[in-house]
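Student: Sequence first, predicted coordinates after that:
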There are 2 protein chains.
Amino acid sequence: MENKKIKVALLGLGTVGGGVYKLIQRRSESMIHTVGAELEVEKILVHSLHKKREGVDTDLLTTDWKSIVNDPEIQIVIEVMGGIEPAKSMIEEALGAGKHVVTANKDLMAEHGGELLDLAAAHGCDLLFEASVAGAIPIIRPLKQCLAGNEISEVMGIVNGTTNYILTKMFEENMSFEAALAKATELGYAEADPTADVEGLDAGRKVAILSSIAFHSRVQFKDVYTEGITKITAEDIAYAKEFDCVIKLLAVAHNTDKGIEVGVYPVLLGKEHPLSSVRDSFNAVFVHGDAVDDAMFYGRGAGEMPTASAVVGDVIDVARNLQFGCNGRISCTCYQDLPVKPFDEVKNKFFLRMQVKNEPGVLAKVASVFGGHKVSIRRVVQKHVQEEAAELVISTEKVKEYHIKDALRELQKMDSISEISSMIREY
Amino acid sequence: MENKKIKVALLGLGTVGGGVYKLIQRRSESMIHTVGAELEVEKILVHSLHKKREGVDTDLLTTDWKSIVNDPEIQIVIEVMGGIEPAKSMIEEALGAGKHVVTANKDLMAEHGGELLDLAAAHGCDLLFEASVAGAIPIIRPLKQCLAGNEISEVMGIVNGTTNYILTKMFEENMSFEAALAKATELGYAEADPTADVEGLDAGRKVAILSSIAFHSRVQFKDVYTEGITKITAEDIAYAKEFDCVIKLLAVAHNTDKGIEVGVYPVLLGKEHPLSSVRDSFNAVFVHGDAVDDAMFYGRGAGEMPTASAVVGDVIDVARNLQFGCNGRISCTCYQDLPVKPFDEVKNKFFLRMQVKNEPGVLAKVASVFGGHKVSIRRVVQKHVQEEAAELVISTEKVKEYHIKDALRELQKMDSISEISSMIREY
C-alpha cells in the first residue's frame, strides 16, 4: 500500500529554506511512523531558476507563486523568505486558499502577527511560527501548551546570538566592541549592516512576539524600548567582573498590574542567574510563572539546520492536525488587551559610571541630586583617583526611568562632573 | 450563554493533587479563553473522607472509584496517587471507559508506559504524562513535537532534585554527604528512606521514559545502569574543583549504531557544559539532535505547584483535543525496537583515585596494568606524598566499562596499591 502523502511548498531557498528542504528529505522515512504520512516537497518558489543549487531537484523550482497557491494538492506552505512583502501577501493568499502556513519570519509576525493569526483562524487553518523566536529553541509551543496553566509574570531572554557572541568575546577575551564585531562578521554571525542586531531591534521584534504569547495580549514592536550594546566599553566589562556579574543584551518583559513593561537593553546580570552562563551565539529564554516558578529554554538561536529543526517541528504538527482533522486547534491566544507601560515609568536598578573632579564634597553633591530625584544609592565606589580627576561608580536601587534620566541631566550640567560614562541597567 | 464545561476527576489529593486542584480553580476564568471551555473538578478520589483538607470542597471527595469511572460526564481522569497499583488498574479502567488520562506517575510510566499508551491508542484516548519526568520542565512535549524533525543522539539530564541539592551543598559549602543529606531531609527534599534518590533509581526511571521518547524505542527501567552518589567524598569534590569541574548525578542516554547506552551515575563535568551551572534542587535536560544541535530545558523538578503546572498543561491539551475531536492525536512514538547495549560494553572516560605505596616504579606498574586492559591514561597527578604513601589521581581516555573494571580488579590485588578510593566517570 502506498503511504499517504502530504504535499508542501517552500517559499524561499536561502539558508533556512535549504535547511528545511534537507531535513524533510532526511526524515522522509521516520515521518511515516511519527506522522502516519509522507511529507513531500512539491514546489519551491525561488527568484531565479538558473542559480546553481546543490542537492535540490530542479524540477521543483518555480518562480510562479500562482502555480503554488492554485495547486489544490499543496496543503502546507512554508514561508522562509523573510521580510514583510511579498511574504505577507503570499501568506494571506495561502490562508485564503485554505492552506496551512509555517513561517520563520520574525519581522512579519512581530508587526502583523495578530491579523495573520485572525485570518488563519477565520479559515480554520494553522499558522505556526516557532522558528521566528530564538531559532531552534522550543519556546512558543511550550508557552502556548506546556505552561498554559500558568500566569506568566516574566519573560526574559538572550534572543540575539550576534550580540551575545560579541559580549562573550568582550568578556572572556577582553576584546573591544569593534574587534568582537569584526570577528562576528568574519564568522558570518553578523550581517554587513549589523544595526538590527547591535541596536537591539532584532531582539525587540522577538520580545514583542514572546510577550504577546506569554501575557495573552498583543504587544507591538513599536511599543518595545530598544537600546543596543554599542556603548558598552572595556571599563564596563571590568566592573561587571569586579561585581561578579556579566553583561548581556536582554529582552525583558514583565506583566504588572499597571501594564506590560517591555524592552531590550544591556544588563549587568549576577552570575547566579541561569541566563548569565549562556555564552557565544547561544540563545536562551527565561520564564517565570505562578505555578512553574522559574524555567529556562536554551539552544541555538539561528543557523541553517537549527532553524530548520523548528520549522520542520511545526510542519509535523500541521501534518498531525491534518491526519486528525483538527487544524486551527491552537490559534491566537491574545484574549486580553493590556496596556504597555511607557518605558519612562518602568523601574530599574542602574549601574552608573561618571568622571568627576577630585575635590571634597563632590559625592555629597551627586548624592543630593540623586536624592532630589528619588534615586536611592545602593553602592558607591570611587576609583582612578588622580591629581584632579576621579571615577565614581554608583549602583542604585530600583527607580523609575524618568527619575534617573532627570537626575543625570542635572548632573551633566554640574561643573564637578566632566562626563557620565555609562548607564547600564542591573538585574 | 453558559460556558461549555469539561469535567475532570482527580485520583489523589496529596501534595501534587492539592496543587492541581488549586491551579484549576485559579485558572477557571482564563481557560474559557484559552481552551474555549471551563474545567470543573467533579470528583476527587481519596483514602479518607474525614481528613481535614484546607480549601477543598468536601462534597467532591469520594472513596468510591466506581462512581468516577462509571460517571459518563467525567471526560478526563488525573492520576496523582503515584505507585504502580491501584494507579495502573484505574488508568486501564478509565481508558477502557473512553476517558482521557493525565498522569504524573513516573514509576508507572517507566515500567508500563508502552502497554498503557497502546491501550490509550486502542480506545482513541489521550494519555499524557509530562509531569512524570523533570516535574515542571516541558520536555516530553518538546521531544515529541518541537524536536520531532530531529534524530536525537543524546539525552542527558539532572533529573533528581534531591541529589542535585546534596551535591550542590557538598560543592559550594564543603558539606559531607551525610550532612547535606540531613539538610535535604530537613527541607523536605529527601524522603525518610532516601534510597530511590541517592542510589539513582528515581533518575533511572526518568531516563527510561526520556530515552524511549527521544530514540523512538522502548527502554525499560531494568535496562538502565544505576549508580548513586553515596560514595562521593570531600576529596573527590576537591579534585573536581582543581580540574575546573563539578560533580553531578547525570542520567545519560546515547543512541549509537550498536544500541542504546543508558545509565545514571555521578559525573565529573566540565564547567563549560550547560548542565554544570544547574544548582540546588533544580533539574535540567540537555538534548543533542542532528538539526537542533544542543538544547537544554531547565526548571523545577518537583514541588506542589511546579508539578501541577505540568499536569494542568497536559489537561489543557486534552481539553483542546476534546474541543476539536482529535484525542489520541499524539500517541506512543516508539516505532523502533533498538537493543540496549550491555553497560559493560559502554565506553566512558574515568577519574580514578587510588592510595599507593610511595616507592619507585609504582606508576610504571599501574600504567602497565592499564595498558594490558586497553586503558589509555590522559593525566596523572601524584599527591599527598608522605613517608610511605601517596595518592595517584588518574584520568583515562574513553574505555569500555569492562576493561576498566578488569584493570581495577587486577590493581586491587597488587601489594603496592592499598586502596582504590574513587572511580567516577568524566564527561
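Tutor: All right, it came through fine. Numbering: from 1, shown residues only, chains lettered A, B, ... in the order given.
Student: just checking, what packs against the longest helix along chain A?
Tutor: If you go by DSSP state H, chain A has its longest helix at helix A:304-324. Other elements packing on helix A:304-324 under the criterion 3 or more Cβ pairs under 8 Å, 6 or more residues apart in numbering or on different chains; DSSP states H and E are strand A:5-11, helix A:15-26, helix A:28-34, strand A:38-45, strand A:74-79, strand A:100-103, strand A:127-128. Yep, even glycine has a C-beta here, placed from its N, CA and C like the rest.
Student: try it again with 7 Å
Tutor: Helix A:304-324 is packed against strand A:5-11, helix A:15-26, strand A:74-79, strand A:100-103, strand A:127-128, with contacts defined by 3 or more Cβ pairs under 7 Å, 6 or more residues apart in numbering or on different chains; DSSP states H and E.
Student: Identify whichever of those lies nearest to B:Glu419.
Tutor: Closest to B:Glu419 of those is helix A:15-26 (Cβ to Cβ; 51.0 Å).
Student: Tell me if the lowest-mean-pLDDT helix or strand in chain A is near chain B.
Tutor: Ranked by mean pLDDT, DSSP states H and E, the helix or strand of chain A with the weakest confidence is helix A:28-34, at a mean of 88. Yes. Under the criterion of Cβ under 7 Å from any Cβ of the partner chain, chain B is reached by helix A:28-34 at A:His33, A:Thr34.
Student: Which neighbouring elements make contact with that helix?
Tutor: Contact here means 3+ Cβ pairs under 7 Å, 6+ apart; on that basis helix A:28-34 packs against strand A:38-45.
Student: 10 Å instead, please
Tutor: strand A:38-45, helix A:304-324 (3 or more Cβ pairs under 10 Å, 6 or more residues apart in numbering or on different chains; DSSP states H and E).
Student: Please export the C-alpha coordinates of it as CSV.
Tutor: The C-alpha atoms that make up helix A:28-34 are tabulated as CSV, following Å, rounded to 0.1, in the frame of the first residue of the first chain:
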residue,chain,number,x,y,z
SER,A,28,11.1,11.1,4.9
GLU,A,29,11.3,7.5,6.4
SER,A,30,10.7,8.3,10.0
MET,A,31,7.8,10.6,9.4
ILE,A,32,5.7,7.8,8.0
HIS,A,33,5.9,6.4,11.6
THR,A,34,5.6,9.6,13.6
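Student: For it, buried residues please.
Tutor: Across helix A:28-34, burial judged by 16 or more other Cβ atoms under 10 Å in any protein chain shown covers A:Ser30, A:Met31, A:Thr34.
Student: just stretch A:238-250 next, same as before
Tutor: By 16+ other Cβ under 10 Å, the buried positions in stretch A:238-250 come out as A:Tyr239, A:Ala240, A:Phe243, A:Cys245, A:Val246, A:Ile247, A:Lys248, A:Leu249, A:Leu250.
Student: quick revisit: a markdown table for the helices and strands packed on helix A:304-324, including mean pLDDT, distance to A:Ala214 and mean neighbour count?
Tutor: Shown next, in a markdown table, are the helices and strands packed on helix A:304-324 (pLDDT from 0 to 100; distance: least, Cβ to Cβ, whole Å; neighbours: other Cβ atoms under 10 Å in any protein chain shown):
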| stretch | mean pLDDT | distance to A:Ala214 | mean neighbour count |
| --- | --- | --- | --- |
| strand A:5-11 | 97 | 28 | 22 |
| helix A:15-26 | 96 | 25 | 22 |
| strand A:74-79 | 98 | 24 | 25 |
| strand A:100-103 | 98 | 20 | 27 |
| strand A:127-128 | 98 | 17 | 26 |
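Student: Just the buried positions in the longest helix of chain A, please.
Tutor: For helix A:304-324, using 16+ other Cβ under 10 Å, the buried residues are A:304-322, A:324.
Student: Kindly report the same for stretch A:361-380.
Tutor: Residues of stretch A:361-380 classed as buried by neighbour count (16+ other Cβ under 10 Å): A:Val362, A:Leu363, A:Lys365, A:Val366, A:Val369, A:Phe370, A:His373, A:Val375, A:Ile377.
Student: ok, these vs chain B, which is closest?
Tutor: Taking Cβ to the nearest Cβ as the measure, chain B sits nearest to A:Ile377 out of the buried residues of stretch A:361-380, at 30.4 Å.
Student: Tell me how far that closest one lies from A:Glu419.
Tutor: Distance, A:Ile377 to A:Glu419, using Cβ to Cβ, to the nearest Å: 19 Å.
Student: what does A:Pro306 give?
Tutor: A:Pro306 is 42 Å from A:Glu419, by Cβ to Cβ.
Student: what sits up against the least confident helix or strand of chain A?
Tutor: Identification of contacts with helix A:28-34 by Cβ atoms under 10 Å, 6 or more residues apart in numbering or on different chains yields A:3-4, A:6, A:24, A:27, A:37-41, A:312, A:315-316, A:319-320, B:144-145, B:148-151, B:216, B:330, B:333-336.
Student: What does the nearest residue to A:Gly303 once chain neighbours are set aside show for phi and psi?
Tutor: Distances taken as Cβ to Cβ, 6 or more residues apart in numbering or on different chains put A:Gly135 closest to A:Gly303, at 6.7 Å, once the chain neighbours are dropped. Dihedral angles of A:Gly135 (phi, psi; degrees, to the nearest 10) stand at phi 50, psi -120.
Student: What count of nearby residues applies to A:Gly135?
Tutor: A:Gly135 is flanked by 30 other residues according to other Cβ atoms under 10 Å in any protein chain shown.
Student: for chain B, what are the nearby residues on the stretch 101-250 of chain A?
Tutor: A:130, A:135-151, A:216 (Cβ under 10 Å from any Cβ of the partner chain).
Student: what do you get if the cut-off is 8 Å, keeping everything else the same?
Tutor: Within the stretch 101-250 of chain A, the residues that sit near chain B (Cβ under 8 Å from any Cβ of the partner chain) are A:130, A:136-138, A:141-142, A:145-151, A:216.
Student: and the two most separated of those?
Tutor: Spanning the widest gap among these are A:Ala136 and A:Glu151, at 27.2 Å by Cβ to Cβ.
Student: For those two, indicate the residue with more neighbours.
Tutor: Neighbour count, other Cβ under 10 Å: between A:Ala136 and A:Glu151, A:Ala136 has more, with 30 against 17.
Student: can I assume the more buried one is in contact with A:Pro306?
Tutor: Yes. A:Ala136 is within contact range of A:Pro306, at 3.5 Å (criterion: Cβ atoms under 8 Å).
Student: circling back: quick check, nearest of the residues of the stretch 101-250 of chain A next to chain B to B:Glu199?
Tutor: Nearest to B:Glu199 out of those is A:Cys146 (Cβ to Cβ; 29.8 Å).
Student: Appreciated, that's everything.
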